[in-house]
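> structure of the sequence below:
(2 chains)
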Number of protein chains: 2
Amino acid sequence: MFRNAMPRYEILSEEAMATLDGGWRRIVSEIGVEFLSDRALELFRQAGQKVEDQCVIFDPDFVLEQVAKAPRAFDVQARNPAHTVHIGDDSMVFGSVYGPPFVREGDVRRDAKIADFHSFAKLAQSFDAIDSAGGVVCEPEDTPLDSRHLDMTYALQTLTDKIYMGNVVSGVNARDTLAMTEILFGGREAIEATPATISLINCNSPLRWDDRMLEAQFEYSAANQAVVLTPFLLMGAMSPVSIPATLAQQMAEALTGIALSQLIRPGAPVIFGSFLSNIDMQSGSPCFGTPESAIGLLCTGQIARHFGLPVRSGGGLTSSQTPDAQAGYESLMTMLPTFLAGINWVMHSAGWLEGGLVASLEKYVLDVQVLEMLQHEFTPLEIDEASLAFGAHDEVRHGGHFLGAAHTMERFRTCFYRPFVNSSDNYDRWMRGGAKDAAARAADVARKRIDEYEAPPLDDAIREELQAYVTRRRRELGD
Amino acid sequence: MFRNAMPRYEILSEEAMATLDGGWRRIVSEIGVEFLSDRALELFRQAGQKVEDQCVIFDPDFVLEQVAKAPRAFDVQARNPAHTVHIGDDSMVFGSVYGPPFVREGDVRRDAKIADFHSFAKLAQSFDAIDSAGGVVCEPEDTPLDSRHLDMTYALQTLTDKIYMGNVVSGVNARDTLAMTEILFGGREAIEATPATISLINCNSPLRWDDRMLEAQFEYSAANQAVVLTPFLLMGAMSPVSIPATLAQQMAEALTGIALSQLIRPGAPVIFGSFLSNIDMQSGSPCFGTPESAIGLLCTGQIARHFGLPVRSGGGLTSSQTPDAQAGYESLMTMLPTFLAGINWVMHSAGWLEGGLVASLEKYVLDVQVLEMLQHEFTPLEIDEASLAFGAHDEVRHGGHFLGAAHTMERFRTCFYRPFVNSSDNYDRWMRGGAKDAAARAADVARKRIDEYEAPPLDDAIREELQAYVTRRRRELGD
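Now for the predicted structure:
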């Protein structure tokens, strides 16, 4: 997995951080945060916080006491130990797109199917740059709604041997995910010792945590599974049209959600979540890859470090409807700040199109291409006497070229990162190759990867137990 | 013009800088640098440097003494004073692509014509984000080679009122450019007082400054015009396959070129140039937007500041043959580090395709789009009590939305950057609009801008004097 040992790019002064700190404190103590869960309200009441209807009025220092119980970093285990990840410190973990109801292939946009879900799982397995196979990589509309989480979890568990995300639609779904994870990892104790799932708990921003997500959070945190407490902030809609105001709100929401996890189980692994962009103020459409979202992202990394928490943000986000130039630069407009900010858990790293409504195989491959480039870019340069290669200069001297120099010959295979989608072919060669643009070449790569996919080995007894669980639960759920 | 008041992203430690410093010193003092110009060799000999054939063996401290005479920052005047630029400090100046022999429009790639050159000049004039109309924006093959510089300079001078670049093909061309600039700005004294041209002097790397470029440098530096001393480094061909070795070479070349300008005229304005990428080691093709080029760029900004010099690098560089996703992310892979590194003079900011062989109107517009986004992103965030907008939170409270909040209503027109090419339209609206991708929308913008272009006012007497000069010189040059 990738460790980002490059410097962080931090843009908040101490004064700015203090102002933001005052901001979230005022929000949680004067306006409070709603938790639509009696269990949550009871926990906060017992802990001495003021509860009015479904709103908790917080003592900010109490929130910070809870936050301090969360681990600075933790591992999430994969069934292939080589794919276990570390979350926090300077590690960066990259996962697939999450949530799209649609799939785009070439010029066709259509409902996502379980076969698409399987294709994305295979891609996740096939690319080293992707650490997490994801969760709801797309919503397979050809599977029954009530048992869909079983189909998705089974696919992630069997088609990949990487970490995967837990279902959060309800407490029931979370319990199913946990049961299947226990089967895969050898029991509850094994997954409580080291988390084996990571789950996205979104805030219904502004300042409201909803009942269904909270039910899932209770299940996962009680089982010591990682949760990502994520304010869902499209400025102008779910937060004010001000980046500082939005950052303060994000702190208020994320920190109070994290505090709940610590009340459920002190020390439970959590991630300071961020999903922060803005709407177009004329149309109301969500926009991604915007300057405002990049600034928010840079600040968010710094803010999470201020609280000693692992942080989630970023990804390859774009509003574009197709994998075109806009998709290329908007995605990087998010992903490069993701690296600069040292984000630990990067959802939507690959496959996101059209504001997250569409999952795309071509875009998945293009995003992996960019991820690989950035992983090379954010690897510290070693500068020592040997790296100066004086001998090469002395061999070539004036006006010559280095193609045949001894220094070059010894290193030409590995000296530069070699892209697998980008073309630097000269025009004639590119025309002879069919004049394919990047999206067309990415489609070729995706097809080949899926065709050549090999399933990671899985014990037959475990597979059968998983299948039996899915069959039984599907019946119980009436599907 | 844009000032980048955000922090610099610096990745070189003091030790690394000291190692690189040792590197260039060893190159210039043990291998030396060739200057294919008797005038240059004579200047260096008179100044006490050792000259062997056409190679100067330098005392590195002598080089630094000369470099110290160069201004840390200077202005380049435009005929419209509102378009005069400052080069150095935290200013960033953006110019058009430079050098392509071909033009691409949609699916057609063809030789560039003077009409294309005019179109690019009109775009440069029309976009506020572009400060320099450029120089050889493309090579108009339908104009006679010997007098082409007259046609290009006249077009830049009359179709735009922004700064422009001087021709560097020869000393003769440089003298013509100067003569035409004197006409436009009211005489030699006026342009010696404040430079009115900026010219690209490329090194024939490794370690050789060629005669024709040096002739141009003599003309421009003697006239106190700005020159950009640019090592031309594609690692693997013109420099070793090592970033540190290439940075040391870049320092050796740029600093000795700058030293020459200071011998020609102490205090002459110069820019520490950088054009640094790598070749594909299998095909030999130049690659752009690579991780290695981004690392080199970040280091280059820091190195130039170490010497107290304005710095040129970056741009929207890509190997891609079309304005596709690859063009989108590769260009940003160069342009975002350009901002992080605080580059002062950014050539190839707009219009570059296919490794610089192709100029594209669509790409020009897409690049301006990205430039505008980055200029917003690199504007420091103001964080104070008012920016926290507590009143907005208090108005909306839990689970509501901010669309109609008073705070939003007061700011919705200006709160976010509004892109002019990016689409965040929902799918139905986008389909009704013709399902155009970013390149197609950019083509529409380019066409509209060119159609609606209005020439900036120019005194008739000056225009006639310029025309008379061009006519006379064209005749003298035999075209």
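
> rest of the way, CA atoms for contacts and neighbours
Noted.

> so for chain A, the centremost residue is which one?
For chain A, the residue sitting closest to the mean C-alpha position, by CA atoms, centre = their mean, is A:Met347 at 1.5 Å.

> quick one: contacts for that residue?
A:Phe94, A:Gly95, A:Ser96, A:Val97, A:Tyr98, A:Gly134, A:Arg312, A:Ser313, A:Gly314, A:Gly315 (CA atoms under 8 Å, 6 or more residues apart in numbering or on different chains).

> among those, which one has the lowest pLDDT?
In terms of pLDDT, A:Gly314 ranks lowest among those, with 81.

> for the closest residue to A:Ala405 other than its chain neighbours, the count of nearby residues, please.
Residue nearest to A:Ala405 in three dimensions, not counting chain neighbours: A:Ala392, with 6.5 Å by CA to CA, 6 or more residues apart in numbering or on different chains. By other CA atoms under 10 Å in any protein chain shown, 18 other residues sit near A:Ala392.

> do the one 10 residues further on as well
The tally of other residues near A:Phe402 (other CA under 10 Å) stands at 24.

> I'd say it and B:Ser242 touch.
No: in this structure A:Phe402 lies outside contact range of B:Ser242 using CA atoms under 8 Å: 11.1 Å.

> what packs against the helix or strand encompassing the residue nearest to A:Ala405?
Per DSSP states H and E, A:Ala392 falls inside helix A:390-396. Applying 3 or more CA pairs under 8 Å, 6 or more residues apart in numbering or on different chains; DSSP states H and E, one finds that helix A:390-396 makes contact with helix A:406-411.

> next structured bit after the helix it packs on?
Following helix A:406-411 in sequence, per DSSP H and E, is helix A:427-432.

> what's that next one in contact with?
A:Lys436, B:Gln321.

> just how off-centre is that helix within its chain?
Helix A:427-432 sits 38 Å away from the centroid of its parent chain (CA atoms, centre = their mean, to the nearest Å).

> do the same with stretch A:469-476
That offset, for stretch A:469-476, works out to 29 Å (CA atoms, centre = their mean).

> which residues does the residue of chain A positioned farthest from its centre contact?
Distance from the C-alpha centroid of chain A peaks at A:His398, with 49.5 Å (CA atoms, centre = their mean). Neighbouring residues of A:His398 by CA under 8 Å, 6+ apart: B:Val33, B:Glu34, B:Ser205, B:Pro206, B:Leu207, B:Arg208.

> repeat that with 7 Å
Each residue near A:His398 by CA atoms under 7 Å, 6 or more residues apart in numbering or on different chains is listed here: B:Glu34, B:Pro206, B:Leu207, B:Arg208.

> so A:Glu219 touches A:Val172, yeah?
No: counting by CA atoms under 7 Å, A:Val172 is not a contact partner of A:Glu219; they are 8.9 Å apart.

> between those two, which is the more surrounded one?
Of the pair A:Glu219 and A:Val172, A:Glu219 is the one with more neighbours under other CA under 10 Å, namely 21 against 15.

> from B:Val103, how far off is A:Pro262?
You called it Pro, but residue A:262 is Gln. A:Gln262 sits 61 Å away from B:Val103, taking CA to CA, to the nearest Å as the criterion.
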